[in-house]
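> Just to be clear, the model below is a prediction. Sequence and coordinates:
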Amino acid sequence: MTANASIQTDVRQDVLAVPSSAVKTQNGVSYVQVFNPPLSETGGAQGVVSNSAPRQVEVTVGISDDTKVEILSGIEEGQQIVTRTISGTATSNVTTNGGATNRGGGLGGPGGIRF
């Protein structure tokens with residue numbers, strides 16, 4: 001016999017959420033990478049090429065699920081963030097960029113983030 005259970009330990013509504021791949025942690029400090037000024041978004045799903053390095057912006061994180069992390073402070077909704085970096089050569093990076101989003105229901109769909 002097999003049984004599946006879903007146990008919720010926390011639910012949050014209307015949170016600022018970013019993909020888990022965008023949040024990095026070093027020496028106990030969480031950050032995301034941003035370009036200032038923002039890059040042109042002409043790369044689509046393939047990303048964009050940049051000759052300049054992104055800068056690190058410290059963020060305070062909240063709860064997370066398997067795919068998203070709640071951002072309590074450090075960036076704002078709509079701000080362009082780096083979700084993945086691929087180094088092609090020493091002088092260029094191919095990056096896939098996403099935005100910080102506030103998706104009404106928060107993380108985990110209509111009911112918010114669930115743990």
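Alright, I've got the coordinates. Numbering: from 1, shown residues only.
> Who is Val32 paired with across the strands?
With DSSP bridges as the criterion, Val32 is bridged to Val57.
> thought it was touching Thr60?
No: here Val32 lies out of contact with Thr60, judged by Cβ atoms under 8 Å, at a distance of 11.2 Å. The C-beta positions use only the backbone N, C-alpha and C, and glycine is treated the same way.
> Between the two, which has more neighbouring residues?
The neighbour comparison of Val32 against Thr60 (other Cβ atoms under 10 Å) goes to Val32, with 25 against 11.
> one step back: give me the common contacts of Val32 and Thr60.
Counting by Cβ atoms under 8 Å, 6 or more residues apart in numbering, the shared contacts of Val32 and Thr60 are 71, 74.
> What are the phi and psi values at Ser21?
When read as degrees, to the nearest 10, the backbone of Ser21 gives phi -70, psi -20.
> count of neighbours near it?
14.
> Do you know the pLDDT at the nearest residue to it once chain neighbours are set aside?
Distances taken as Cβ to Cβ, 6 or more residues apart in numbering place Thr83 nearest to Ser21, at 5.2 Å, with adjacent residues excluded. Looking at Thr83, its pLDDT stands at 89.
> any idea which element Thr83 lies in?
Following DSSP states H and E, one finds Thr83 within strand 80-89.
> That concludes my questions; thank you for your assistance.
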